[in-house]
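[1] Mind looking at a prediction? Sequence and model below.
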Amino acid sequence: MITLTVNPRFSQLVRSPVLLLAFGFGSGLSPKAPGTVGTIAAIPLWLLLVQLPQAAYILVVVLAAIIGISICGVAAERLGVHDHGGIVWDEFVGLWIAMAFLPPSYVSLALGFILFRLFDIIKPWPISWLDKHVGGGLGIMIDDVVAGLAAGVCVLIIQTLLLN
């Protein structure tokens, strides 16, 4: 097992695929706004995901969320910090969820990104309740999953209202 300091270096992450994923391929090491930087880092992978058929996209995102529970839990355990700011796999999955049912466009991406980050940062109910009451890897993942769902629904509503 790799023992990490609370603020690991990239050289420590590359020794563990789980930690490399948890820290969003190093994007979570950003000293400023690691969650936002992690969400930005998720965009190139989203650009690949949107090339898949819808069912395959959903399957990949569901698997990423399920596996993310373990990834985030292991990283938190190794760091000794429940929801270390550098753990950004949950932001990757949250953005992909926000974008799951939106038409792939720059407008959808911008709205999905902004609303996802807003919900993740402000944490309105029930996101705040989940963040405070669910522990472990599931607790790290679930608030971002719900923030992604909320962002996606809001973007769909906005786009529907503007197009009608």
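    Alright, I've got the coordinates. Numbering: from 1, shown residues only.

[2] how about the helices in this structure?
    For the chain, the helices defined by DSSP state H cover 10-13, 17-22, 34-49, 54-79, 89-98, 106-122, 127-133, 136-163.

[3] For the fourth one, enumerate the helices and strands it packs against.
    Counting by 3 or more Cβ pairs under 8 Å, 6 or more residues apart in numbering; DSSP states H and E, the packing neighbours recorded for helix 54-79 are helix 17-22, helix 34-49, helix 89-98, helix 136-163. In short, each C-beta sits where N, CA and C put it, glycine included.

[4] deepest of the helices of the chain, which one?
    Between the helices of the chain, helix 89-98 has the highest mean count of neighbours, a mean of 29, where neighbours are mean count of other Cβ atoms under 10 Å.

[5] That one relative to helix 136-163, how many degrees between them?
    Put simply, helix 89-98 runs at 30 degrees to helix 136-163, going by axes from the mean of the first three to the mean of the last three Cα atoms, to 10 degrees.

[6] shaky segments in the protein?
    In the predicted model, the chain carries pLDDT under 70 at residues 1-5, 164.

[7] rerun at 90
    Applying pLDDT under 90 to the chain flags the ranges 1-9, 11-12, 14, 82-83, 163-164.

[8] I'd like to know which of the helices of the chain lies nearest to G28.
    Shortest distance between G28 and the helices of the chain, using Cβ to Cβ, is found for helix 34-49: 4.7 Å.

[9] Check which helices and strands the closest one is in contact with.
    Applying 3+ Cβ pairs under 8 Å, 6+ apart, we find helix 34-49 packed against helix 54-79, helix 89-98, helix 106-122.

[10] Mind listing residues that contact the second one?
    When you say that, I think you mean helix 89-98. Helix 89-98 is contacted from outside by 21-24, 35, 38-39, 41-43, 45-46, 49, 61, 64-65, 68, 71-72, 75, 112-113, 115-116, 120, 140-141, 143-145, 147-149, 151-152, 155, using Cβ atoms under 8 Å, 6 or more residues apart in numbering.
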